[in-house]
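A.B. asks: Predicted coordinates and the sequence they were generated for:
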Amino acid sequence: MTAAPGSSTGINNNVSKTLPTLETFAPEHSGSALGSVIAAIGDASVTIASQVRLAGLAEVLGVTGDVNVQGEEVQKLDILSNDAIISALDKTPACAGYASEELEQPVYFDHAGAEYVVVCDPLDGSSNIDVDVSIGTIFAVLRASDPVEDSFSQAGRRIAAAGYVVYGPSTVLIFSTGDGAHGFTLNPESGRFHLSHEDIRVPSQGKTYSINEGNSGTWDDGVKSWAAHVKESDKASGRPYSLRYVGSLVADAHRTLLKGGIFAYPADTKSPEGKLRLVYEANPMAYVFEAAGGAAINGAKSILDIQPEKLHQRTPLVIGSAEDVETFRAFATGERS
Ligand code: P6P
């Protein structure tokens, strides 16, 4: 196959240039304060994508030797990603503050009258960096409270916008402002995101389940019963489901958002509160899934209705197709056995 004119890859890259960009897609946002915050996160993710792509060559692989507030080994790309986002938001007058998995406390910007704050896991799944598995940035935008310090304890239901960026074979930014979810794919030649997934709808039921089966000995009886249920053979209900588990939340969530099915990281005896973080991992994912017609619970109730008590608190997280999440809830609460 010969390369298309002007392209070194054989893919006609001119098409993407006619598609709406992150800035032009939502006229009600482009130029708005909220749009400027989303655009800033998009700009930072372009920088992060280039660093992820060069990880091996730029010798940013490996660890800094430090440990973050979570007690986890810090990968160099975690820090570079966090710095890229802070730098972008520091240049965004609409952003008053930023909280991150990489920071014990939020940072605040000297932006008088700024309307929003951002919460973020700048590089989720970073333990997969060295083995070239898809990783990602997860974010939510909340309205700034008065005092601004109270902004970060708002329940997910109050999110103004949320989404994630998956650094995989392509770099895709998914975001929602509450009514539908949309995807933009980065054109690495232009450095711009172009609309590639308009109005994503999570299928009402899927064919895959995504959970770390290695933890099955630590699950409670309800989760064990659910896991047995999805593995039973029953053609009428599309079972058994296939297991798909990357071990990178953004990768597992993105597949589930587009194809349906269910992702679950339930509480277990190792992680009695769950492993994933409520404010900057579960809430943004829950917001996107509900906006796309899916569901997101902690096993019993909607993630978005949980009142955060601490910035870095953990939660069980179950996201996916509405019917699949409801089946999980029924088993997890003992309604079914
Ligand atoms: P486990 C990655 O470390 C992460 O925080 C999420 O991205 C992922 O879903 C989860 O942990 C994987 O955890 O215990 O299955 O390795």
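C.D. replies: Yep, it's here.

A.B. asks: Spell out which parts of this protein neighbour the ligand.
C.D. replies: Within the chain, the positions near the ligand by CB under 6 Å from any ligand atom are 124-125, 127, 212, 247-249, 252, 265, 275. Every residue, glycine included, has its C-beta placed from N, CA and C.

A.B. asks: quick one: which of those is most hemmed in?
C.D. replies: residue 124 (28 neighbours; other CB atoms under 10 Å).

A.B. asks: correct me, but residue 331 touches residue 230?
C.D. replies: No - using CB atoms under 8 Å, residue 331 is not in contact with residue 230, being 9.4 Å away.

A.B. asks: With secondary structure and pLDDT added, can I get the residues of the chain next to the ligand in JSON lines?
C.D. replies: Converted to JSON lines, the residues of the chain next to the ligand look like this (DSSP: H, G, I helix; E, B strand; the rest coil; pLDDT from 0 to 100):
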{"residue": "124", "secondary structure": "strand", "pLDDT": "96"}
{"residue": "125", "secondary structure": "coil", "pLDDT": "90"}
{"residue": "127", "secondary structure": "helix", "pLDDT": "78"}
{"residue": "212", "secondary structure": "coil", "pLDDT": "98"}
{"residue": "247", "secondary structure": "coil", "pLDDT": "96"}
{"residue": "248", "secondary structure": "coil", "pLDDT": "97"}
{"residue": "249", "secondary structure": "helix", "pLDDT": "98"}
{"residue": "252", "secondary structure": "helix", "pLDDT": "98"}
{"residue": "265", "secondary structure": "strand", "pLDDT": "98"}
{"residue": "275", "secondary structure": "coil", "pLDDT": "98"}
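
A.B. asks: So for residue 331 and residue 230, which residue has more residues nearby?
C.D. replies: The neighbour count for residue 331 versus residue 230, taken as other CB under 10 Å, is higher for residue 230 (24 against 21).

A.B. asks: list the contacts for the more buried one?
C.D. replies: 209, 239-241, 262, 327 (CB atoms under 8 Å, 6 or more residues apart in numbering).

A.B. asks: can you give me the helices in this protein?
C.D. replies: Assigned by DSSP state H, the chain shows helices spanning 33-53, 76-90, 221-231, 249-259, 283-291, 322-332.

A.B. asks: measure residue 22 to the ligand for me?
C.D. replies: Applying CB to the nearest ligand atom, to the nearest Å, the value for residue 22 to the ligand is 24 Å.

A.B. asks: show me what contacts that residue?
C.D. replies: Applying CB under 8 Å, 6+ apart, the residues contacting residue 22 are 38-39, 42, 173, 184, 192-193.

A.B. asks: one more time with 7 Å
C.D. replies: Residue 22 makes contact with 38-39, 42, 173, 184, 193 under the criterion CB atoms under 7 Å, 6 or more residues apart in numbering.

A.B. asks: which one is it nearest to, not counting chain neighbours?
C.D. replies: The shortest distance from residue 22 to any non-neighbouring residue, by CB to CB, 6 or more residues apart in numbering, is to residue 193 (4.2 Å).

A.B. asks: Show me the shaky parts of the stretch 51-200 of the chain.
C.D. replies: Counting by pLDDT under 70, the stretch 51-200 of the chain contains low-confidence residues at 56-65, 74-75.
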